[in-house]
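# just to be clear, the model below is a prediction. Sequence and coordinates:
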Amino acid sequence: MSIQWFPGHMNVTKKAILERIKDIDVVIELLDARLPGSSANPMLAEITGSRPKLKVLNKQDLADTERTEAWLAWYRAQADTQALGLDASDKAPAQRLIKACRELAPNRGGMAKPLRVLICGIPNVGKSTLLNTLVGKKAAKTGDEAGITRIEQRINLANDFYLFDTPGMLWPKITVEQSGYLLAASGAVGRNAYDEEEVALELAKRLQGPYAAQLAARFRLDDVAAIPTLHDDVLLADIGRKRGAVVSGGRVNMQKAAEILLNDFRSGVLGRITLETPAEFEQWWAAGEALEAERQAKKLARQAKRKGRAATELLDHADDGDDELAD
């Protein structure tokens, strides 16, 4: 299953960012610390170009501490990029954003040259909650549904610090299949764009190796050592059975089991979890790019073949016309 979700308002957001970016000094991209690679928007990287970037791994209190450190180091190794972890509900760390942005654009500041910052992120990454924390009041709508914010707004965090907020935006085509599943599992994708049972099965695969103990503790599974060896549908069925998702005849309601696992992951009750490492994501990205290049090559070949046929037909018609004139 290929997961894609790019509703009309996201295209409007893309155009707004293209227009706004001309006047921006620093770009903050808010990422989900549980999937720091998959939640980074490749289209945003193209739009923002070489501008200094601050990658913020939000919801770090829900993420695996060791893996978060690995991701921060991975992003900091990139050119003109700084990275930090953040819990959007904690006001003290949130203030670090202003300091980090000033360090990335040391020549901006003061009323004559105010620092202009654009904050972006995928849907449901916690951006609105962060903004409300930064300004100390409810400046943005929040919710657990993807796509709550629909309009751009400017927030003055200081007299010389302008923060431009944009609605959450994915990208038109998710070429990394694994990322599509992780984005759906996190709640970044609209519910009508994926099958919850399929996504839950993929989530179970990602959890059963490194986080078997947490699954066993949460769902009271008996044999921790066996969890990594279980087939994903067997594991999901065991979870559903332990949580009472059983229908007549003793069968497990797999849809209900899927909802249970997804909700427990999203709410953080499973514990601190990160679903990907930098090395894994690099492998997925390379494979996805190669597959997309192959698709594009086949598409171009089909187009060339159609044009060739059309040209041949035109020549045939021209020859027929010449024959008629000769007659």
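Arrived safely.
# contacts and neighbour counts: CA atoms only from here.
OK.
# what bridges to Ala158?
Residues in a beta bridge with Ala158, per DSSP bridges, are Phe161.
# just the pLDDT for it.
Listed pLDDT for Ala158 reads 83.
# for the stretch 201-327 of the chain, give me the ranges with low pLDDT.
Within the stretch 201-327 of the chain, the segments meeting pLDDT under 70 span 315-327.
# residue ranges for the helices of the stretch 1-150 of the chain, please.
All helices of the stretch 1-150 of the chain, identified by DSSP state H, counting those that start in this stretch, fall at 8-20, 42-48, 65-76, 91-94, 96-104, 127-135.
# ok, the stretch 151-300 of the chain next?
177-186, 196-208, 212-219, 232-242, 254-267, 278-326.
# identify whichever of these lies nearest to Ala70.
helix 278-326 (7.3 Å; C-alpha to C-alpha).
# so Leu84 sits right up against Leu72, yeah?
Yes - counting by C-alpha atoms under 8 Å, Leu72 is a contact partner of Leu84 at 6.5 Å.
# show me what contacts the residue nearest to the spatial centre of the chain?
The residue lying closest to the centre of the chain (C-alpha atoms, centre = their mean) is Ser39, at 2.6 Å. Neighbouring residues of Ser39 by C-alpha atoms under 8 Å, 6 or more residues apart in numbering: Leu31, Asp32, Gly121, Ile122, Ser179, Leu183.
# now for those residues, which pair is the farthest apart?
Using C-alpha to C-alpha, the pair of the contacts of Ser39 lying farthest apart is Gly121 and Ser179, separated by 15.1 Å.
# which of the contacts of Ser39 sits closest to Ala311?
Nearest to Ala311, judged by C-alpha to C-alpha, of those is Ser179 at 41.8 Å.
# any idea how far Val246 is from the closest one?
The gap separating Ser179 from Val246 is 31 Å, by C-alpha to C-alpha, to the nearest Å.
# got the end-to-end distance for stretch 102-113?
12 Å.
# stretch 29-46 too?
13 Å.
# in that stretch, what's buried?
Neighbour-count burial for stretch 29-46, with 16 or more other C-alpha atoms under 10 Å as criterion, is recorded at 29-41, 44.
# try stretch 243-254
Ala245, Val246, Val252, Asn253, Met254.
# contacting residues around Ala213?
Listed by C-alpha under 8 Å, 6+ apart, the contact partners of Ala213 are Val224.
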